[in-house]
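Novice: just coords:
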C-alpha cells in the first residue's frame, strides 16, 4: 500500500508474530529506509542501479 501511495510512506508497519498483532507507527520523525522489493522470487534492484545511485541519477526517494 505504501508503494501505491494508498498510505503515506512515512508510516511504519510491523507484524508482531508473537502477539499476533500488526502495528502501525505514525509518530513524527520516523526514520525512512528503502526496502528490497522482490517479485517472482527476484530482486527488482539490479547491479546496474548501484552506479546510478552513486552518480546521483537515482536518489533515495527513488528507492522508497
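Specialist: All right, it came through fine. Source: prediction; values computed, not measured.

Novice: please make it C-alpha for all contacts and neighbour counts, starting now.
Specialist: Will do.

Novice: any idea which element residue 51 lies in?
Specialist: Assigned by DSSP states H and E, residue 51 falls within helix 49-55.

Novice: ditto for residue 8
Specialist: Per DSSP H and E, there is no helix or strand for residue 8.

Novice: isn't it right up against residue 2?
Specialist: Yes - using Cα atoms under 8 Å, residue 8 makes contact with residue 2 at a distance of 6.1 Å.

Novice: ok, residues contacting the helix holding residue 51?
Specialist: 58, 59 (Cα atoms under 8 Å, 6 or more residues apart in numbering).

Novice: give me the mean pLDDT for that helix.
Specialist: For helix 49-55, the mean pLDDT works out to 82.

Novice: name the residues of it that are buried.
Specialist: For helix 49-55, a neighbour-count test (16 or more other Cα atoms under 10 Å) marks nothing as buried.

Novice: same question, stretch 21-29
Specialist: Under 16+ other Cα under 10 Å, stretch 21-29 has no buried positions.

Novice: and it, end to end?
Specialist: 23 Å (Cα to Cα, to the nearest Å).
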